[in-house]
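# Quick one: sequence plus predicted model below, questions after.
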Amino acid sequence: MALCGLLASPQVARAAADGAVAELRNEIQQMKRDYEARIRALEDRVQEAEGTARRAASQAARSEAPPPPLAPARSRSANAFNPAVSMILQGRYAAFGGQEGQRQVPGYLLGEETGRGPKGFSLGESELDISANIDDRFYGFFDVAFNQENGDPSFDVEEAYLQTLALPAGFTLKAGQFFSAIGYQNSRHSHTWDFIDQPLAYEAMLNTQLSDAGVQLRWVAPTDAVYLELGSEAFAGVSYPTSGRANGGVGSAAFFAKMSGDIGDSSTWKAGVSYLMTDPRDRESTGSGAAPLRFTGDSDIAIADFVWKWSPHGNFRERNFIFQAEYLHRHEKGRLRQQVGAAALAGRYRGDQDGFYVQGAYQFMPRWRVGLRYGQLFSSNNVSGVDAPSLARDGLSPWRASAMLDFSNSEFSRLRLQYSHEGAGLGNDNLLFLQYIMSIGSHGAHQF
Amino acid sequence: MRSRTVLLLLLLLSVGGSASPARAALRVFSCEPEWAALAREIGGDRVKVHSATTPFQDVHYIQARPSLISKLRRADLLVCSGGDLEIGWLPVLLRQASNAKVQPGAAGYVDVSQHVRMLDVPSVVDRAQGDIHPYGNPHTQTDPHNVARVAEVLAERMAQLDPAGKEHYQARLAEFSARWTKAMAGWEARAAPLRGMEIITHHLAWVYMAHWLGLQVVGHLEPKPGIPPTATHLSELLRSLEHHHVRVIVRAAYQPERPSRWLSQRARIPAVVLPHCVGATPEAKDLFSTFDDLVSRLLEATQ
């Protein structure tokens, strides 16, 4: 309509338009003022809100009130109390000149696990550990190992024990099946060893590692600067160096004392003496070089061990050095029986056997370690009435020297290369091993 | 027979060694120096405090030394960062020490991670991410507000374990808290210009400090938590710096200098050791001077 009017009479239209424009201008000015005021108000409000939020955030951060959730919300299920489960995967490749499986060590009657294992690829000792606090007074641990020691796969319960957490006066009681605390190396699980195999003396005298069913009582002295621990164990007497559950199923007993101290922040030493007394009944020994021998009598082992660990300022992560040495003396005295064809032979045997090893492992940079180990055995035996060529060769002093290099990508994985040479009655053999040790599941804590 | 003689000898030795000087009402075993220092602030002369580690040790990797078992066996109160930080060694010490007073759940067991707000709690837990902690980042001590909170917990537990000293602990807590609150205001005022600053840290051990001071952590020298820095990762980090304005590279006293020096020289960014706990730098003599020094070093590096 306005457009029509404008076209019809330009003059009138102009006058009218002037008035309208002025009015419009006024209105626009007014609107502009309105909006500016509103925008300013909005800006103020935004700023205020921001300030409040910032204050709230910083107050929340500084809040001294008890904190909100500490752990990610867990699903409510019967699994909440699942024990800590960890699995150690171990595998290896081995190359050596001599025979797989059983072997002879001159001067010694051996247990069944002293072989070198299979050549080529094989599973090492892969183990499954399950542990948890049972209640406020007991802790439980179970570990089963998958073994392929002599080619045949087997599952062995290495440890299955309960341990007290709250006996008074520094006492701890352990019951079940467990690694004996004698020596230093005996109670260490294979994935914590610094070499792929046990020292020669442990192989010859303890069938690599002594684990048996029984009880252990330990006492930690209330000392401050120097650590002192005394302990005693009683075992059924099933495992080598004993067998046959003598004395109504208490076939062996052990005593040990351990001391340790720190030298500054950088060094820690630990020394121990242990004594194992066993009464083997019809212990069958292999590796005698003839028909199996059955031993009945006494077999006692005394062990002295020493460990020294060093790292700059005690910061183990970057560089560290571990020195470890043990001396074992075994005394065996009793009767030997042997079935050779139709003839049943009986004889007497008395042996004094010594073995030691010395080893060092040096982590020269994070993740990389090198290690050297030397071990040797000595023996002096008196045998009569049976055919035991291995025991008779007691003048020899078999030895093994090993060198290893390992790499750990993280705390949970390790790859190892090891070379060993065996001499004097062990066949002048070279052994090469490649090994992996991987742990999955919950993070384990390792004893010193 | 011979072994019995040895045992007797050792027994005698132990009795001789156990004669200890002046008796404090409470023996405190602390996993880290910062909580040891705090326990001394709150306990005063009524407590005898031992720290299991020093500032120059990586607390993730501590040997379960038997001397620590001795200390823990006689402890009345244990205070540790917790959150699985000490999982590689503390559980074995606790079991071997067999001391009911400091077992988890007892009044004498203080796990700091259960008393402060945890940051970086992962929603997915997989070791392919490195050595992550399922309960959140355990390096809580670099935020003084957490220290204030733990001071209250310690005073409460000390009073519970040693009721005769209740007033003593409360008075010391009140005095400490007043000084601490004032000191915190000072640090926050001094560090105010740093707000929003981008930093790189060696390990992810500084998230609480970053949260407190409003700093942004844009990268770590470790490719994955717990995995030592590699050349490949550092090169990648160097390239990524083009998109950031990083002002400082932070590491703790126990971490090697080389990786941060490498990056510092190429990226022309200052590298600095910050005191992550009491004693970590020459200036960090107590809790107050530790945070004084932390703020000073940050300001100095970014000038």
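Alright, I've got the coordinates.
# how about the residue of the stretch 51-200 of chain A found nearest chain B, what does it touch?
Residue nearest to chain B within the stretch 51-200 of chain A: residue A:166 (3.4 Å; CB to the nearest CB). Where C-beta positions appear, they are placed from N, C-alpha and C, glycine not excepted. By CB atoms under 8 Å, 6 or more residues apart in numbering or on different chains, the residues touching residue A:166 are A:136, A:137, B:98, B:99, B:100, B:103.
# for those residues, which one is nearest residue B:206?
Relative to residue B:206, the closest of the contacts of residue A:166 is residue B:103; by CB to CB it sits at 31.6 Å.
# mind checking how far that closest one is from chain A?
6 Å (CB to the nearest CB, to the nearest Å).
# correct me, but that residue touches residue B:94?
Yes - contact criterion CB atoms under 8 Å: residue B:103 and residue B:94 qualify, at 6.3 Å.
# Overlap of the contact sets of these two?
Joint contacts of residue B:103 and residue B:94 (CB under 8 Å, 6+ apart) are residue A:165.
# Hmm, residue A:241 and residue A:299 touching each other?
Yes - Residue A:299 is in contact with residue A:241 according to CB under 8 Å; the separation is 4.7 Å.
# between the two, what contacts are shared?
A:278, A:280, A:283, A:330, A:332.
# Near chain A, which residues of the stretch 201-303 of chain B are found?
B:211, B:212, B:226, B:227, B:228, B:254, B:256 (CB under 8 Å from any CB of the partner chain).
# Got phi/psi on the fifth one?
Meaning residue B:228. phi -60, psi 150 (degrees, to the nearest 10).
# Just the C-alpha atoms of stretch A:228-241, please, in CSV.
Once non-C-alpha atoms are left out, stretch A:228-241 reads as follows in CSV (Å, rounded to 0.1, in the frame of the first residue of the first chain):
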residue,chain,number,x,y,z
LEU,A,228,67.9,-61.4,62.7
GLU,A,229,65.6,-64.3,61.9
LEU,A,230,65.5,-67.8,63.4
GLY,A,231,63.4,-70.6,62.1
SER,A,232,62.7,-74.2,62.2
GLU,A,233,60.9,-76.6,59.9
ALA,A,234,59.5,-80.1,60.1
PHE,A,235,58.6,-82.0,56.9
ALA,A,236,56.9,-85.2,56.0
GLY,A,237,60.0,-86.4,54.4
VAL,A,238,58.7,-87.2,50.9
SER,A,239,61.0,-85.1,48.7
TYR,A,240,64.6,-85.8,47.9
PRO,A,241,67.1,-85.8,49.7
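# chain center to it, what's the gap?
How far stretch A:228-241 lies from its chain's middle: 21 Å, per CA atoms, centre = their mean, to the nearest Å.
# show me where chain B has helices.
In chain B, the helices defined using DSSP state H lie at B:2-17, B:33-43, B:66-73, B:90-97, B:144-161, B:166-191, B:207-213, B:231-240, B:258-267, B:287-301.
# Also compute the angle for the second one relative to helix B:144-161, please.
Meaning helix B:33-43. Angle of helix B:33-43 versus helix B:144-161, following axes from the mean of the first three to the mean of the last three CA atoms, to 10 degrees, is 50 degrees.
# May I ask which helix or strand of the chain has the lowest mean pLDDT?
You didn't say which chain, so I picked chain A. Each helix and strand of chain A was given a mean pLDDT (mean pLDDT, DSSP states H and E); the minimum falls on helix A:2-8 at a mean of 42.
# Switch to chain B, please.
Counting by mean pLDDT, DSSP H and E, chain B has helix B:2-17 as its least confident element, at a mean of 48.
# residues in contact with residue B:120?
So residue B:120 contacts B:136, B:137, B:204, B:207 (CB under 8 Å, 6+ apart).
# Adding pLDDT, neighbour count and distance to residue B:168, write those out as a markdown table.
A markdown table is the format used below for the contacts of residue B:120 (pLDDT from 0 to 100; neighbours: other CB atoms under 10 Å in any protein chain shown; distance: CB to CB, whole Å):
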| residue | pLDDT | neighbour count | distance to residue B:168 |
| --- | --- | --- | --- |
| B:136 | 92 | 23 | 33 |
| B:137 | 94 | 22 | 34 |
| B:204 | 91 | 20 | 38 |
| B:207 | 95 | 20 | 35 |
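# Of the residues you listed, which pair is most distant in space?
Going by CB to CB, the pair spanning the contacts of residue B:120 furthest: B:136 and B:204, at 11.1 Å.
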